[in-house]
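Colleague: Quick one, what's the 3D model for this:
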Amino acid sequence: MHISAKADYATRALLELACEPERPLTCEAIASSQEIPFRFLKSVVGELRKAGLVRSQRGCEGGYWLGRPPEDITLLDVVRAIDGEVITLRGEPLAGLDYPGPAVGMPGVWRRVEAGAAAVLGGLTLASLLPAGAVERQQRVGAA
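Modeller: Residues are numbered from 1 along each chain as shown. Below is the predicted model:
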């Protein structure tokens, strides 16, 4: 299984946003904090916005916030928003994969691997990955 740099950067950016729910963060601040190339992060955040995982505000007080509460965003959501498929074989989805002869059972193996990875990613939310202090900050903002 290959985890793309885009999916890794997207997850790290979302975790930064989840840690600061009371104010918007700029791409510059996220890139600096997470040591992510700014230009690359800018395109990744654009994809996250299209998927509804972040929302934005323009202007001098602008920046990005999470589009949904961190307990409602799973790593599976992030991977699918950025990469489309959890696992591909030579860049192709596993859905139509079919092998002849002795290898006929292999597509089922690859699909089980994909299902297992999706189950792990789907069971992890941003909230579950946050450090304890950030969780408390999220709860205070949610209660306000």
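Colleague: can you tell me how far the residue most central in space within the chain sits from Tyr9?
Modeller: Residue closest to the mean C-alpha point of the chain, counted by Cα atoms, centre = their mean, is Val78 at 2.5 Å. Between Val78 and Tyr9 the distance is 10 Å, computed by Cβ to Cβ, to the nearest Å. The C-beta positions use only the backbone N, C-alpha and C, and glycine is treated the same way.
Colleague: Please, where are all the helices along this structure?
Modeller: For the chain, the helices defined by DSSP state H occupy 5-19, 27-34, 38-50, 75-83, 106-122, 126-129, 132-143.
Colleague: Rebuild the ones you listed as JSON lines, extending it with mean pLDDT.
Modeller: As requested, the helices of the chain are exported to JSON lines (pLDDT from 0 to 100):
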{"stretch": "helix 5-19", "mean pLDDT": "97"}
{"stretch": "helix 27-34", "mean pLDDT": "96"}
{"stretch": "helix 38-50", "mean pLDDT": "96"}
{"stretch": "helix 75-83", "mean pLDDT": "97"}
{"stretch": "helix 106-122", "mean pLDDT": "96"}
{"stretch": "helix 126-129", "mean pLDDT": "97"}
{"stretch": "helix 132-143", "mean pLDDT": "61"}
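Colleague: Which one, of those, ends up nearest to Glu61?
Modeller: helix 27-34 (13.3 Å; Cβ to Cβ).
Colleague: Taking helix 5-19 as reference, get the angle to that closest one.
Modeller: 100 degrees (axes from the mean of the first three to the mean of the last three Cα atoms, to 10 degrees).
Colleague: just use 36 as the starting number from now, easier for me
Modeller: OK, 36 is where the count begins now, so the last one is helix 62-69.
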